[in-house]
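*Asks:* fold the following, please.
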Amino acid sequence: MMKPLRCLAVVVGIVALLDTPTAAAELSAGVARVDLTPPLEMGATLGGYGERMSRPATGVHDRIWAKALVVSDGERKYVVVTADVLGFPPPLKPALVERLADAGWTAEQVLLLPSHSHTSIEMNAIHPGNTFGLAPLGIYMPELYELTLDRLEQVVREAAQALEPVSVGTGRLAIEGWNRNRRRTAQYAERDLTLTRVDRLDGRPLAVLVNWTAHPTFMSGEDMEFSAGWPGHLQRTLEALIGEGVSVMYYNGAEGDQSPIARVDSGESHWERAERYGRELAIVCNGLYVEVTSERDVTFEYALQSFAAPPRGWHPDFMQTGGAEYGLSEKLLAELLPRLMPGESTIPVLRLGDLVIVGVPGEMAASLGREIKTYTAGVTGARFPVIGGLANEWISYILPEDEYEAGGYEASVSFYGASLGPTVVAAAKQAVSELTTEAQRAQRKE
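*Replies:* Below is the predicted model:
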């Protein structure tokens, strides 16, 4: 039985805590959505499990969507795109930014946040560098790549054309019993549920951002229909509860070692488990939503930090875990990694009032996410730092050094050695430190 929300510790509002003034602004925002579900006649495959062997999806259980929130202070603009997909391959965002360049968009202004659904578009099916033709790995489909790019471009352009004045507010709950750490060697589970509301000036809701950390893995490789999984049920249910045409946009956290816990009496059906989880989590979100207040004048800053990845390689466990799942030999892996895994990546950071989204380009262990969130709160004074998992691109699992050395599935699908976790954390801290203050912005204009 879920406890009444009044018994939970609810933290809401936008509160200024910094001694150094930050850049506040009166913002405008626009939202749009587009159906990403490929037509079945295309024969698109589902991502998440190599055992599917790139067999085409057999149907559509529920549609998958991309949604865009464009925010502007009149001088600068930024877009957050959430999508009900497994992840994005490294070449996709640069291609999208190139298409949007005529409208003034740059890489620094675009943040892609996939939900990590395991019953959605296969990530390697939209990776132009994937020329290996391996069914367990996913086979590149040029027509699916073009369809995905077309619709992502469409949703950004449409959101940018719909700007109107808004107020913004964020709140947080700590909830128990909804996720767990799935690694035997790690204990930390991320309990923060963070919700941001973007309202029109008359109080009507425009968009709601929801951050919760857990794999969308109730479905298995035997489930062959397109679905957004529990995040899709969460978004649809919360949209129905709030009403007024609101767009709910879910984005995952540092979910690398976080699994969902099925609700009591969900039964054995994977589909029912996903639906019950998403719908009941939406009810919790709705209780938080009504407690959050929004403000007109909020801090708006963003940054993008590049970093060089450690040398590519594979864990000694890989051939027994990921190698077996994806049909890879060491010889083939040595050829594949330089083609599919980038030598450098980026950390995007966005601040909207007391919300700071720190994007990480892969599946980060929750303990590393906690370290980044703690640092971010201390440096920025923002009360609600979050991790945006799988941001812009997927580069692998991202683990603490000791967890990498401990092995297991997550370590075996981490392709940059034990130092990847510390490298990404250091880059994230640097990105957070790049957020400018009001005084710095004024000096830059001079």
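*Asks:* so where do the helices sit in the stretch 301-446 of the chain?
*Replies:* 322-326, 330-340, 366-380, 401-406, 409-412, 420-433, 438-445 (DSSP state H, counting those that start in this stretch).
*Asks:* what's the angle from the longest one to helix 420-433?
*Replies:* Same thing as helix 366-380. Orientation check (axes from the mean of the first three to the mean of the last three Cα atoms, to 10 degrees): helix 366-380 against helix 420-433 gives 20 degrees.
*Asks:* so where is the chain shaky, pLDDT-wise?
*Replies:* Within the chain, the segments meeting pLDDT under 70 span 1-23, 436-446.
*Asks:* on that earlier part again, what's the most buried one of the helices of the stretch 301-446 of the chain?
*Replies:* Mean neighbour count (mean count of other Cβ atoms under 10 Å) peaks for helix 409-412 among these, with a mean of 22. In short, each C-beta sits where N, CA and C put it, glycine included.
*Asks:* which neighbouring elements make contact with it?
*Replies:* Here helix 409-412 touches helix 322-326, helix 401-406, going by 3 or more Cβ pairs under 8 Å, 6 or more residues apart in numbering; DSSP states H and E.
*Asks:* in CSV, list the C-alpha atoms belonging to the longest one.
*Replies:* Read it as helix 401-406. In CSV, the C-alpha atoms belonging to helix 401-406 read as follows (Å, rounded to 0.1, in the frame of the first residue of the first chain):
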residue,chain,number,x,y,z
GLU,A,401,36.9,1.1,-11.0
ASP,A,402,36.3,-1.6,-8.4
GLU,A,403,33.0,-2.6,-10.0
TYR,A,404,34.7,-2.9,-13.4
GLU,A,405,37.3,-5.2,-11.8
ALA,A,406,34.6,-7.2,-10.1
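*Asks:* distance to residue 351 for the helices of the stretch 301-446 of the chain - can I get that in CSV?
*Replies:* Compiled in CSV, the helices of the stretch 301-446 of the chain are given as follows (distance: least, Cβ to Cβ, whole Å):
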stretch, distance to residue 351
helix 322-326, 36
helix 330-340, 32
helix 366-380, 7
helix 401-406, 29
helix 409-412, 30
helix 420-433, 9
helix 438-445, 12
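*Asks:* which one, of those helices, ends up nearest to residue 348?
*Replies:* Checking those against residue 348 by Cβ to Cβ gives helix 420-433 as the closest, at 7.3 Å.
*Asks:* so which elements touch that closest one?
*Replies:* Here helix 420-433 touches strand 297-308, strand 344-352, strand 355-359, helix 366-380, strand 397-398, helix 401-406, going by 3+ Cβ pairs under 8 Å, 6+ apart.
*Asks:* need these in CSV with distance to residue 211, can you?
*Replies:* Conversion of those to CSV gives the following (distance: least, Cβ to Cβ, whole Å):
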stretch, distance to residue 211
strand 297-308, 17
strand 344-352, 12
strand 355-359, 8
helix 366-380, 11
strand 397-398, 17
helix 401-406, 23
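*Asks:* nearest to residue 225, out of the ones you listed?
*Replies:* Here strand 397-398 is closest among the helices and strands packed on helix 420-433 (Cβ to Cβ), at 26.7 Å.
*Asks:* ok, residue 237 touching residue 276?
*Replies:* No - at 10.7 Å, residue 237 and residue 276 do not qualify as touching, with contact defined as Cβ atoms under 8 Å.
*Asks:* where do the strands sit along the stretch 151-300 of the chain?
*Replies:* Remark: strands assigned in the stretch 151-300 of the chain by DSSP state E, counting those that start in this stretch are 164-174, 179-181, 192-200, 205-211, 225-226, 247-251, 258-260, 297-308.
*Asks:* mind listing what's buried along the first one?
*Replies:* In this case it means strand 164-174. 166, 167, 168, 169, 170, 171, 172, 173 (16 or more other Cβ atoms under 10 Å).
*Asks:* specify which member of the residues you listed is nearest to residue 24.
*Replies:* residue 168 (11.0 Å).
*Asks:* who touches that closest one in this structure?
*Replies:* 14, 27, 196, 197, 198, 199, 294, 295, 298, 352, 353, 355 (Cβ atoms under 8 Å, 6 or more residues apart in numbering).
*Asks:* beta partners for it?
*Replies:* According to DSSP bridges, the residues that bridge with residue 168 are residue 198, residue 295.
*Asks:* re earlier: which of the buried residues of strand 164-174 sit farthest apart?
*Replies:* Using Cβ to Cβ, these span at most 23.1 Å, a distance reached by 166 and 173.
*Asks:* isn't residue 37 up against residue 59?
*Replies:* No - with contact defined as Cβ under 8 Å, residue 37 does not reach residue 59; the gap is 10.6 Å.
*Asks:* overlap of the contact sets of those two?
*Replies:* residue 226.
*Asks:* just the element for residue 70, please.
*Replies:* Assessed by DSSP states H and E, residue 70 sits inside strand 65-72.
*Asks:* after that strand, heading C-terminal, what element do we hit next?
*Replies:* Downstream of strand 65-72, the next assigned helix or strand under DSSP H and E is strand 77-83.
*Asks:* right, I'll leave it there.
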